[in-house]
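Student: Quick one, what's the 3D model for this:
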Amino acid sequence: MKFLFPSLFVGCLLLFGCSENSAPKPRGYFRINLPAQEYRMLDSIFPYSFEYPVYARITKDRHSPNEANWINVDFPHFKARVHLSYKSVNGDLDTYTEDSHSLVMKHIPKASAIEEIAISDETKNVYGLIYDIKGTGAASPFQFYVTDSSRHFLRGALYFNALPNNDSLSPVISFIKEDILHMIETLNWKN
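Tutor: Now for the predicted structure:
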């Protein structure tokens, strides 16, 4: 009897002491520090120029050694890369735009939505489309192409050197999207 009462008391405390339903907390992600957005001009031998982030670097596309005007805008801190491929237009603009569209459509199995945003800047002669690809497993969440409709065609695609989990990458994707939009807004064709 001497041990029954304290044991019964402790048992009641444990049984009725937790009135709320406890549930496991969702998995968290590391905090991502984003730098201040500053830009510098890429003005070189390429048939195009634009401003790109100071925290990015331009590298030659080593997977396409025969394409002299293909480059990558690397974001080492984020393990991200924007592949830029350039083609001269010689009456084959429809082929390039259709290829771009086909490459975006390959993301349909993993995409929950693909938003198309038109680009039209008559003063700089820059026209095109942005593809904002939604979905947690989409390999490339942001792609675009721009052209002057007669001589130049530039296509870009954002990729991460990580398994696609765009929920956790969302802050970085949004941040780099702003950089890509700035690159497009400052794009100039060379004659």
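Student: Could you name the helices and strands sitting against the longest helix seen in the chain?
Tutor: In the chain, ranked by residue count with DSSP state H as the criterion, the top helix is helix 170-185. The contact analysis (3 or more C-beta pairs under 8 Å, 6 or more residues apart in numbering; DSSP states H and E) places helix 170-185 against strand 48-53, strand 80-88, strand 126-134, strand 142-147, strand 152-160. In short, each C-beta sits where N, CA and C put it, glycine included.
Student: can you list contacts of the first one?
Tutor: To tie it back to what came earlier, the one meant is strand 48-53. Strand 48-53 has contacts (C-beta atoms under 8 Å, 6 or more residues apart in numbering) with 37-43, 58, 69, 73, 75, 86, 152, 154, 179, 182-184, 186-190.
Student: ok, now with 10 Å
Tutor: By C-beta atoms under 10 Å, 6 or more residues apart in numbering, the list of residues contacting strand 48-53 from outside reads 35-43, 58, 69, 71, 73, 75, 82, 84, 86, 126, 146, 148, 152, 154, 175-176, 178-180, 182-190.
Student: check contacts around the closest residue in space to K124 that isn't next to it in sequence.
Tutor: In space, and not counting its chain neighbours, K124 is closest to N188: 6.2 Å by C-beta to C-beta, 6 or more residues apart in numbering. Applying C-beta under 10 Å, 6+ apart to N188 gives the contacts M41, D43, Y48, S49, F50, E51, K124, N125, V126.
Student: rewinding a little: tell me which helix or strand comes right after the longest helix of the chain.
Tutor: Using DSSP states H and E, the helix or strand that follows helix 170-185 towards the C-terminus is strand 188-189.
Student: What strands flank that next one, and is each parallel or antiparallel?
Tutor: In the sheet, strand 188-189 lines up against strand 48-53 (antiparallel) (DSSP bridges).
Student: could you give me the average pLDDT of the partner strand?
Tutor: For strand 48-53, mean pLDDT rounds to 97.
Student: and it, which residues are buried?
Tutor: Under the neighbour-count criterion of 16 or more other C-beta atoms under 10 Å, strand 48-53 has Y48, F50, E51, Y52, P53 buried.
Student: Turn those residues into TSV, including distance to Y159.
Tutor: Listed next are these as TSV, based on distance: C-beta to C-beta, whole Å:
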residue	distance to Y159
Y48	20
F50	19
E51	21
Y52	16
P53	16
